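**Q** coords please:
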Amino acid sequence: MATITTLPTPSHAGEVLLAAEDVKKYYGDDRSPVLEMVTVELRDGEFVALLGPSGSGKSTLLRTIAGLITPTAGTVMVSDMPGDAAAHGVSMVFQSFALFPWLTVLENVQLGLEALGVPEPEMRKRSLQAIDLIGLDGFESAYPRELSGGMRQRVGFARALVVHPNILLMDEPFSALDVLTAETLRSDFLDLWGEGQLPIKAVLLVTHNIEEAVQMCDRLLIFSSNPGRVASEIPIDLPQPRHTQDPRFRALIERVYVEMTARPRGEPRTGPKAERFPGTGIGTVLTHVSSNVLTGLLEAVNEPPYNGKADLPVIAEEQHLEVDELFPAAEALQLLRFAEVEGGDMKLTEAGLQFAHGETDDRKKLFARHLITYVPLAAHVRRVLDERASHTAPKSRFFDELEDYMAEDAAEQTLRTIISWGRYAEVFAYDDNRQAFSLENPA
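**A** Residues are numbered from 1 along each chain as shown. Model (predicted):
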């Protein structure tokens, strides 16, 4: 039976604004859990981040809170209002700018108030105030095509804030921006939040950027995957403004990496079941990582000063990798038995070291053996191709099968990953025009 995660109440926080209890979300005849027994609480005055590997259900939970997704089980209550009322008092900023290109800045911002039936004079007044607050005064009549990426995301913030929600949900709102623009927008948002100028009571942020989470938030909820659940909580008690080179800041970054790579509770550390490799099956969702990224990471960890074992925060900084790039690569290497990841470290296995020292052909052969041995879907595709007289099979043959275990976009991503790895290893070929697998290239 799954364990319910109960989060302690921060001593500085106010009334409960959000209570999500025992939330579950399954796909495909309840065979593929995305969220399992997730319990989260958000209080007045809190800025909380959800962190975790890709596919751990963070965005699914956020959309469930926003009322965009219906949970399979569990309850979500916002300001003591369950069910359909849960979306009341909640507004959301998305990763994509999600603006209507045929509407001006002012018209885009007014949309939420129009839906609420706010009278025209009040709607215009509040919209202009939101535009001014977020730093876009003077651009009210501009169209999205005339704005930079950072300015378009500011419109998204203004549109979310203009309805004066109790809770602002943010789904990777800075990830589509360049580094300097994202830093400026984060800083501006933090200043407004710290000065109490924003018409909101609490913020819930989904991010893959660990530094961003530590810089902005009061509390971090670390999600584990397969299925997604809250694995741990990290309070952030550093005063604002926070400085990334502060030793206390760096220590928190290290702690997050350790928590995100921790062995699940109850998993043995010794004996035949102690391997730190994720359980797999044909229905395992695979995050797309190219063979070039995997090769580059193996080579980097193999070289001095790491010599086969690297601290993840250090290698991430050296290789300029965000957590949403580093963790899928690390998990893929672990899945393929080229590395072990735990306690914030990555250690190459004997096979990983052999790969790093090998020539191109030797690497391909080793990758092929591990792909067929440790990734059941790759072995399944190859077996189907071997058994057919034509040695071909349509993509739909496997896509339909995967949809019994996962959502459509996850099935597409998983097949894309298998195609990429299979091509590199020359285990099978894929013709995108015919949407078909074959054995044309492999020897």
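
**Q** run through the chain and note the low-pLDDT ranges.
**A** 1-13, 28-32, 80-88, 262-281, 441-443 (pLDDT under 70).

**Q** center of it - which residue?
**A** Using CA atoms, centre = their mean, the residue of the chain that lies closest to the mean C-alpha position is residue 54, 4.2 Å off.

**Q** give the contact list for residue 370.
**A** Listed by CB atoms under 8 Å, 6 or more residues apart in numbering, the contact partners of residue 370 are 336, 337, 338, 351. Just so you know, the C-beta spots here come from the backbone N, C-alpha and C atoms, and that holds for glycine as well.

**Q** now do 10 Å
**A** 333, 335, 336, 337, 338, 349, 351, 352, 355, 378, 421, 425 (CB atoms under 10 Å, 6 or more residues apart in numbering).

**Q** ok, the first one to residue 339 distance?
**A** Yep, that's residue 333 we're talking about. Taking CB to CB, to the nearest Å as the measure, residue 333 falls 4 Å from residue 339.

**Q** just residue 69 next, same as before
**A** The span separating residue 69 from residue 339 equals 34 Å under the rule CB to CB.

**Q** ok, the two, which is more surrounded?
**A** For residue 69 versus residue 339, the count of surrounding residues by other CB atoms under 10 Å is larger for residue 339: 30 against 16.

**Q** residue 75: neighbour count?
**A** A count of nearby residues for residue 75, using other CB under 10 Å, gives 14.

**Q** the closest residue to it other than its chain neighbours in helix, strand or coil?
**A** Once flanking residues are discounted, residue 75 sits nearest to residue 21: 5.2 Å by CB to CB, 6 or more residues apart in numbering. The assignment at residue 21 comes out as strand when based on DSSP: H, G, I helix; E, B strand; the rest coil.

**Q** ok, now the one 3 residues further on?
**A** Residue 24 falls in the strand class when you classify it by three-state DSSP.

**Q** what does residue 135 give?
**A** Secondary structure assignment for residue 135 (three-state DSSP): coil.

**Q** and it, how many residues sit next to it?
**A** When neighbours are counted by other CB under 10 Å, residue 135 registers 17.

**Q** same thing with residue 434?
**A** The local packing count at residue 434 equals 11, with neighbours defined by other CB under 10 Å.

**Q** just the strands in the stretch 201-350 of the chain please.
**A** According to DSSP state E, counting those that start in this stretch, the stretch 201-350 of the chain carries its strands in the segments 202-206, 219-224, 229-235, 309-311, 339-342, 345-348.

**Q** with only the CA atoms kept, save the third one in CSV.
**A** Written as CSV, here are the backbone C-alpha positions of strand 229-235 (Å, rounded to 0.1, in the frame of the first residue of the first chain):
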residue,chain,number,x,y,z
ARG,A,229,5.1,11.4,-5.4
VAL,A,230,6.6,13.8,-2.9
ALA,A,231,9.8,12.1,-1.7
SER,A,232,11.1,14.8,0.6
GLU,A,233,10.9,18.5,1.6
ILE,A,234,13.7,21.0,1.9
PRO,A,235,13.1,24.4,3.8
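
**Q** what lines up beside that strand in the sheet?
**A** Here strand 229-235 has these sheet partners by DSSP bridges: strand 219-224 (antiparallel).

**Q** which parts of the strand it pairs with are buried?
**A** 219, 220, 221, 222, 223, 224 (16 or more other CB atoms under 10 Å).

**Q** now render those as TSV, adding distance to residue 92.
**A** Shown next, in TSV, are the buried residues of strand 219-224 (distance: CB to CB, whole Å):
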residue	distance to residue 92
219	20
220	20
221	18
222	22
223	19
224	24
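
**Q** what's the burial count for the closest residue to residue 338 other than its chain neighbours?
**A** If you skip the residues right next to it in sequence, residue 338 has residue 352 as its closest partner in space, 3.7 Å away by CB to CB, 6+ apart. When neighbours are counted by other CB under 10 Å, residue 352 registers 25.

**Q** and the contacts of the helix or strand where residue 352 lies?
**A** For residue 352, the enclosing helix or strand under DSSP states H and E is helix 350-357. Contacts to helix 350-357, defined as CB under 10 Å, 6+ apart, come from residues 294-295, 297-303, 307-308, 333-334, 336-340, 346-349, 362-364, 366-367, 369-370.

**Q** buried residues, the longest helix seen in the chain. List them.
**A** The longest helix of the chain (DSSP state H) is helix 408-425. Counting neighbours by 16+ other CB under 10 Å, one finds that the buried residues in helix 408-425 are 410-415, 417-422, 424-425.

**Q** hang on, the residue nearest to the centre of the chain in a strand?
**A** No - under three-state DSSP, residue 54 sits outside any strand and is assigned coil.
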